[in-house]
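> sequence first, predicted coordinates after that:
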Amino acid sequence: MDGIIGIFEFFSRWFPSLEDTAEFGKIGKYYATESMLVYDPYTGTYDADATPEYGEDTLESFFKKALEDGLEGQELGDQAVFK
């Protein structure tokens with residue numbers, strides 16, 4: 001993944017529109033490689049039960065709602081990955 005990000009960064013010197021693509025790749029790499037669970041230094045493991053949760057929405061419920069009602073209200077504007 002680092003190689004692909006590097007390619008985008010290299011070509012963004014001449015094609016500034018690739019800067020966002022490179023940055024998106026860096027963010028994607030972070031979330032793909034870093035644990036989002038709390039690390040317990042005493043056991044040396046990640047603990048899902050100790051990880052705080054916020055809200056009650058789940059990805060499954062979001063997809064069910066999207067299938068039933070569509071994605072109205074989910075427009076991302078400038079934050080959209082693909083335009």
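Yep, that arrived.
> what about D20, how many residues nearby?
Applying other Cβ atoms under 10 Å, we find 13 residues neighbouring D20. The way it works is simple: take the backbone N, C-alpha and C, and place the C-beta from them, glycine included.
> now the one 3 residues further on
Using other Cβ under 10 Å, E23 has 14 neighbouring residues.
> check I5 too.
Residue neighbour count, defined by other Cβ under 10 Å, stands at 17 for I5.
> show me what the helix ranked longest in the chain is packed up against.
In the chain, with assignment by DSSP state H, the single longest helix is helix 18-33. The criterion is 3 or more Cβ pairs under 8 Å, 6 or more residues apart in numbering; DSSP states H and E, and the helices and strands that helix 18-33 contacts are helix 2-11.
> just want the angle from the helix it packs on to helix 18-33.
For helix 2-11 and helix 18-33, the angle between their directions (axes from the mean of the first three to the mean of the last three Cα atoms, to 10 degrees) works out to 160 degrees.
> which parts of helix 2-11 are buried?
Neighbour counts using 16 or more other Cβ atoms under 10 Å place I5, F8, E9 of helix 2-11 among the buried residues.
> can you list contacts of the longest helix of the chain?
Helix 18-33 is contacted from outside by M1, D2, I4, I5, F8, E9, F11, S12, V81, using Cβ atoms under 8 Å, 6 or more residues apart in numbering.
> any idea how far the residue lying farthest from the centre of the chain is from A48?
The outermost residue of the chain, judged against the average C-alpha position, is Y42 (29.2 Å), by Cα atoms, centre = their mean. Taking Cβ to Cβ, to the nearest Å as the criterion, Y42 is separated from A48 by 16 Å.
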